[in-house]
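Novice: With the input below, show me the fold.
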Amino acid sequence: MYATPPPIENIFDKYDEPRLHMDRLLRAHLVEFDLSLRILIPLEDAGVKRLGDLVKHSRKSLESIRNIGKTSADTLEKLLDRLGLALRQE
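Specialist: Now for the predicted structure:
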(Lines give C-alpha, C1' and ligand atoms only; values in the text may rest on other atoms or scores of the structure.)
Protein backbone atom coordinates (compact mmCIF):
# COMPACT_ATOMS: atom_id res chain seq x y z
CA MET A 1 0.00 0.00 0.00
CA TYR A 2 0.94 3.69 0.11
CA ALA A 3 3.10 5.08 2.88
CA THR A 4 1.58 7.88 4.92
CA PRO A 5 3.55 11.12 4.44
CA PRO A 6 4.82 12.85 7.58
CA PRO A 7 2.76 15.74 8.95
CA ILE A 8 3.42 18.98 7.11
CA GLU A 9 4.58 20.83 10.28
CA ASN A 10 7.55 18.47 10.64
CA ILE A 11 8.86 18.88 7.12
CA PHE A 12 11.58 21.47 6.61
CA ASP A 13 11.06 23.02 3.21
CA LYS A 14 14.42 24.18 1.94
CA TYR A 15 12.56 26.33 -0.57
CA ASP A 16 10.52 28.21 2.03
CA GLU A 17 12.04 31.60 1.17
CA PRO A 18 10.43 33.75 3.91
CA ARG A 19 11.42 31.29 6.63
CA LEU A 20 14.99 30.99 5.34
CA HIS A 21 15.27 34.76 5.01
CA MET A 22 14.06 35.30 8.59
CA ASP A 23 16.40 32.63 9.93
CA ARG A 24 19.37 34.21 8.17
CA LEU A 25 18.32 37.68 9.33
CA LEU A 26 18.05 36.66 12.99
CA ARG A 27 21.52 35.05 12.83
CA ALA A 28 23.09 38.21 11.35
CA HIS A 29 25.71 39.90 13.53
CA LEU A 30 24.94 43.46 14.56
CA VAL A 31 28.32 44.62 13.22
CA GLU A 32 26.97 43.92 9.71
CA PHE A 33 24.60 46.86 10.07
CA ASP A 34 25.46 50.53 10.07
CA LEU A 35 25.56 50.98 13.85
CA SER A 36 28.02 53.12 15.74
CA LEU A 37 30.57 51.67 18.13
CA ARG A 38 28.84 53.66 20.85
CA ILE A 39 25.91 51.27 20.44
CA LEU A 40 27.73 48.08 19.44
CA ILE A 41 30.21 47.91 22.33
CA PRO A 42 27.65 48.13 25.18
CA LEU A 43 25.43 45.61 23.38
CA GLU A 44 28.30 43.17 22.93
CA ASP A 45 29.30 43.60 26.57
CA ALA A 46 25.71 42.65 27.48
CA GLY A 47 25.85 39.56 25.24
CA VAL A 48 23.73 41.01 22.43
CA LYS A 49 25.68 40.13 19.29
CA ARG A 50 23.03 39.14 16.74
CA LEU A 51 19.65 40.45 15.65
CA GLY A 52 18.08 37.39 17.25
CA ASP A 53 19.58 38.45 20.60
CA LEU A 54 18.32 42.00 20.13
CA VAL A 55 14.68 41.11 19.45
CA LYS A 56 14.55 39.17 22.73
CA HIS A 57 14.87 42.48 24.58
CA SER A 58 12.09 44.91 25.38
CA ARG A 59 12.59 48.66 25.18
CA LYS A 60 12.89 48.82 28.97
CA SER A 61 15.46 46.01 29.21
CA LEU A 62 17.43 47.55 26.34
CA GLU A 63 17.62 50.91 28.10
CA SER A 64 18.78 49.14 31.27
CA ILE A 65 21.98 48.10 29.49
CA ARG A 66 24.80 50.38 30.59
CA ASN A 67 25.47 53.17 28.04
CA ILE A 68 22.34 52.40 26.01
CA GLY A 69 19.99 55.33 26.40
CA LYS A 70 16.89 56.64 24.70
CA THR A 71 18.69 57.75 21.53
CA SER A 72 20.48 54.42 21.10
CA ALA A 73 17.26 52.52 21.74
CA ASP A 74 15.48 54.70 19.14
CA THR A 75 18.24 53.90 16.62
CA LEU A 76 17.94 50.18 17.29
CA GLU A 77 14.14 50.27 16.99
CA LYS A 78 14.42 52.06 13.64
CA LEU A 79 16.87 49.43 12.41
CA LEU A 80 14.52 46.63 13.44
CA ASP A 81 11.57 48.41 11.85
CA ARG A 82 13.41 48.70 8.51
CA LEU A 83 14.04 44.94 8.68
CA GLY A 84 10.43 44.11 9.57
CA LEU A 85 11.30 43.16 13.15
CA ALA A 86 10.54 44.64 16.55
CA LEU A 87 11.64 44.53 20.16
CA ARG A 88 9.78 42.20 22.52
CA GLN A 89 6.64 43.72 24.00
CA GLU A 90 6.54 44.08 27.78
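Novice: longest helix of this structure?
Specialist: When the chain is parsed with DSSP state H, its longest helix is helix 70-82.
Novice: Packing partners of that one?
Specialist: helix 37-45, helix 51-54, helix 59-63 (3 or more C-beta pairs under 8 Å, 6 or more residues apart in numbering; DSSP states H and E). For every residue, glycine as well, the C-beta is placed using N, CA and C.
Novice: by how many degrees do that helix and helix 37-45 diverge?
Specialist: Following axes from the mean of the first three to the mean of the last three C-alpha atoms, to 10 degrees, one obtains 80 degrees for the angle between helix 70-82 and helix 37-45.
Novice: So what touches helix 70-82?
Specialist: Helix 70-82 is contacted by residues 33, 35, 38-39, 42, 51, 54-55, 59, 62-63, 86-87 when judged by C-beta atoms under 8 Å, 6 or more residues apart in numbering.
Novice: the bottom helix or strand of this protein by mean pLDDT?
Specialist: Each helix and strand of the chain was given a mean pLDDT (mean pLDDT, DSSP states H and E); the minimum falls on helix 17-26 at a mean of 85.
Novice: Return the distance of it from the chain's centre.
Specialist: Chain-centre distance of helix 17-26: 11 Å, with C-alpha atoms, centre = their mean, to the nearest Å.
Novice: again with stretch 81-90
Specialist: Worked out by C-alpha atoms, centre = their mean, stretch 81-90 lies 8 Å from the chain centre.
Novice: With stretch 27-35 instead?
Specialist: Centre to centre, stretch against its chain (C-alpha atoms, centre = their mean), the figure for stretch 27-35 is 10 Å.
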